[in-house]
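Novice: Structural data only, the sequence is not supplied:
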């Protein structure tokens, strides 16, 4: 039996769905939830395998199954916002089911996360190191990844403290789910499909992001010329935490520019 995806729903109007990143849960969106709720009917989901959304025992853990499970929990049509790994999931869903996605927003995300050749990204050695360490001490490994995500933020220590509080307020993902998520970050490559995305598409980045470097922006600009990118100063890998006010200003401007 496929288990349902946990989500909290608040507000009225157009459906807005937010997807979190690797290792975390829906509470990561806490700083911007009130403002997003003013703009529409907000759905905050725990991705399958994370928080209060258990992964179905009968399904292999891979991107296709992850997208199918999330898609089944989405409203019939929605504005989809995905952060980091959640951005990869959101992009894959937008490619598979474009008629259901009114607009796509990726936050600190990229169609291919590893650095390769002239493509900027995460050093593959970092992902491999985290994968090796997960089975030894997965809680500490996740905490180290959170610290890496907050590097560069002007208030990194406070960011990490708050993120850890949200993380440990819900059940932790299993080592199997976390390892599969690292595999997705290391292996999934959607670059060739980016020109297919035709719905309104906003890409949001942090200038101080240690995981998704800013020099990837022009490369994705070229792959998805119909999209728009915005870069937040003094923000790291989680700009909606580093500077929630700017995040909301940028996303509200995008949302208000959409056709009625």
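Specialist: Structure received. Note that the structure is predicted; figures quoted are calculated from it, not measured. Numbering: from 1, shown residues only.
Novice: can you pull out the strands in the stretch 51-200 of the chain?
Specialist: For the stretch 51-200 of the chain, the strands defined by DSSP state E, counting those that start in this stretch cover 78-83, 101-107.
Novice: List the residues that contact the spatially most central residue of the chain.
Specialist: Central residue of the chain (CA atoms, centre = their mean): residue 83, 2.0 Å from the mean position. The neighbours of residue 83, taking CB atoms under 8 Å, 6 or more residues apart in numbering as the test, are 18, 19, 20, 21, 28, 106, 107, 108, 109, 238, 240. Placement of C-beta: from N, CA and C, glycine included.
Novice: which stretches of the stretch 51-200 of the chain form helices?
Specialist: Ranges of helices in the stretch 51-200 of the chain, per DSSP state H, counting those that start in this stretch, are 63-73, 85-96, 124-134, 138-150, 156-167, 175-187.
Novice: most packed of these?
Specialist: Per residue and on average, the most neighbours among the helices of the stretch 51-200 of the chain fall to helix 85-96, with a mean of 24 (mean count of other CB atoms under 10 Å).
Novice: what's it packed up against?
Specialist: strand 15-19, helix 63-73, strand 78-83, strand 101-107, helix 175-187 (3 or more CB pairs under 8 Å, 6 or more residues apart in numbering; DSSP states H and E).
Novice: With distance to residue 195 and mean pLDDT added, can I get the strands of the stretch 51-200 of the chain in CSV?
Specialist: CSV is the format used below for the strands of the stretch 51-200 of the chain (distance: least, CB to CB, whole Å; pLDDT from 0 to 100):
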stretch, distance to residue 195, mean pLDDT
strand 78-83, 19, 98
strand 101-107, 14, 98
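Novice: deepest of those strands, which one?
Specialist: Ranked by mean neighbours (mean count of other CB under 10 Å), the strands of the stretch 51-200 of the chain are led by strand 78-83, with a mean of 26.
Novice: what pairs with it, and is each one parallel or antiparallel?
Specialist: Paired neighbours of strand 78-83 in the sheet (DSSP bridges): strand 15-19 (parallel), strand 101-107 (parallel).
Novice: Distance to residue 196 for those strands - can I get that in JSON lines?
Specialist: Formatted as JSON lines, those follow (distance: least, CB to CB, whole Å):
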{"stretch": "strand 15-19", "distance to residue 196": "20"}
{"stretch": "strand 101-107", "distance to residue 196": "12"}
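Novice: looking at these, which is closest to residue 208?
Specialist: Residue 208 sits nearest to strand 101-107 of all the strands paired with strand 78-83, at 14.3 Å, using CB to CB.
Novice: now the worst-scoring helix or strand of the chain on mean pLDDT against helix 175-187, angle please.
Specialist: In the chain, the helix or strand scored least confidently by mean pLDDT, DSSP states H and E is helix 138-150, which has a mean of 79. Counting by axes from the mean of the first three to the mean of the last three CA atoms, to 10 degrees, helix 138-150 lies at 30 degrees to helix 175-187.
Novice: Which other helices and strands does helix 138-150 contact?
Specialist: Checking 3+ CB pairs under 8 Å, 6+ apart, helix 138-150 ends up next to helix 124-134, helix 156-167, helix 175-187.
Novice: hang on, the earlier thing: reformat the helices and strands packed on helix 85-96 into TSV and put distance to residue 215 next to each item.
Specialist: Below are those laid out as TSV (distance: least, CB to CB, whole Å):
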stretch	distance to residue 215
strand 15-19	25
helix 63-73	25
strand 78-83	20
strand 101-107	17
helix 175-187	19
